[in-house]
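Asker: for reference, the sequence and a predicted model appear below.
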Amino acid sequence: MKTLTSTALVLALCCALSEASAQVAFTYNNLTPNNQIAIATRPDSAGKFEIEAADDFLLTQATTINTASFMGLIAPTGGTVVGVTIEIYRVFPLDSSTVRTPQVLTRVNSPSDVAFDSRSSDDSTLTFTSALVSPSFTVLNSVQPGGIHPFPNQTTLGNGPLTGQEVQFNVTFTNPFTLPADHYFFVPQVQLSTGDFYWLSASRPISGAGTTPFAPDLQAWTRDVGLDPDWSRVGTDIVGGANPPTFNTAFSVSGVTIPAAAPKAP
């Protein structure tokens, strides 16, 4: 049986310590819900079509994402959580077709056609807990199922006020996301026994204690099965108006950066 010499042991220990020290904790945080809008987002299930809502975050180096949190409404109240799915998208035109005619006003700065990666409680690649924040929370506007339409009928002004239970979801990725440096969209989906989950808007521009501003900060987008593979901007396209609003959404992601590989000795 071969054994390492004391010098080799020291070198191996130094390399391990160097790699560990090169890892840096990463957090993007805009978990600052407000009452501006709530956006439906759910996986497809029996009798319900898929709806996705997306907001962005930025990685300046390769990162392992271990946990995430997001906040929204359960409306009507009383539904129990059946499952949670988290999808990660890159920015169009990556992972997308550029040769077809979109059925939306623009795809510039939208999520891509298809997801880059995903995790779900269905296959145990994530676990989650949910906590009631408020038994009754009302938003000024909403995008509800059936409220997403292709161009030229995309502007609806939204579906109006909505009241529900405010809930925070905390997610642990049992199979963490390993993401190269890039600009990404975070897409949470919640399946309920009854009713729907609506992702709450958050500070824009990103501000407040503990938040993580970055640039460029893209606005929230959404789509349903009828708009797929295109996306519409929640504020600019769907709500619209003379001075259309733009929205962020309430979420955070955390992990550790991945050290760059050391150059090989000549």
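Answerer: Okay, I see it.
Asker: shouldn't residue 23 be in contact with residue 258?
Answerer: Yes. Between residue 23 and residue 258 there is a contact under C-beta atoms under 8 Å: 7.4 Å. Where C-beta positions appear, they are placed from N, C-alpha and C, glycine not excepted.
Asker: neighbour count: those two, which is higher?
Answerer: The residue with more neighbours, out of residue 23 and residue 258, is residue 258; 20 against 14, by other C-beta atoms under 10 Å.
Asker: how about the more buried one: what's its closest non-neighbour residue?
Answerer: In space, and not counting its chain neighbours, residue 258 is closest to residue 62: 4.0 Å by C-beta to C-beta, 6 or more residues apart in numbering.
Asker: pLDDT value on the one you found, please?
Answerer: Reported pLDDT at residue 62 in the predicted model: 98.
Asker: tell me who's in contact with it.
Answerer: With contact set as C-beta atoms under 8 Å, 6 or more residues apart in numbering, residue 62 has these partners: 178, 179, 180, 181, 257, 258, 260.
Asker: buried stuff in the lengthiest strand in the chain?
Answerer: Within the chain, and with DSSP state E defining each element, the longest strand by residue count is strand 162-179. For strand 162-179, the neighbour count (16 or more other C-beta atoms under 10 Å) marks 162, 164, 165, 166, 167, 168, 169, 171, 173, 176, 177, 179 as buried.
Asker: pretty sure the last one contacts residue 60?
Answerer: To tie it back to what came earlier, the one meant is residue 179. No. The criterion here is C-beta under 8 Å, and residue 179 misses it with residue 60 at 11.4 Å.
Asker: how about low-confidence regions in this protein?
Answerer: Along the chain, the model assigns pLDDT under 70 to residues 1-21, 261-266.
Asker: and the residue nearest the centre of the chain, helix, strand or coil?
Answerer: Taking C-alpha atoms, centre = their mean as the criterion, residue 186 is the residue nearest the geometric centre of the chain, at 1.8 Å. Secondary structure for residue 186, judged by DSSP: H, G, I helix; E, B strand; the rest coil, is strand.
Asker: what segments of the stretch 1-150 of the chain are helices?
Answerer: For the stretch 1-150 of the chain, the helices defined by DSSP state H, counting those that start in this stretch occupy 6-22.
Asker: quick one: the strands in it?
Answerer: Counting by DSSP state E, counting those that start in this stretch, one finds strands in the stretch 1-150 of the chain at the ranges 25-30, 33-40, 51-59, 63-75, 81-90, 117-120, 127-139, 142-143.
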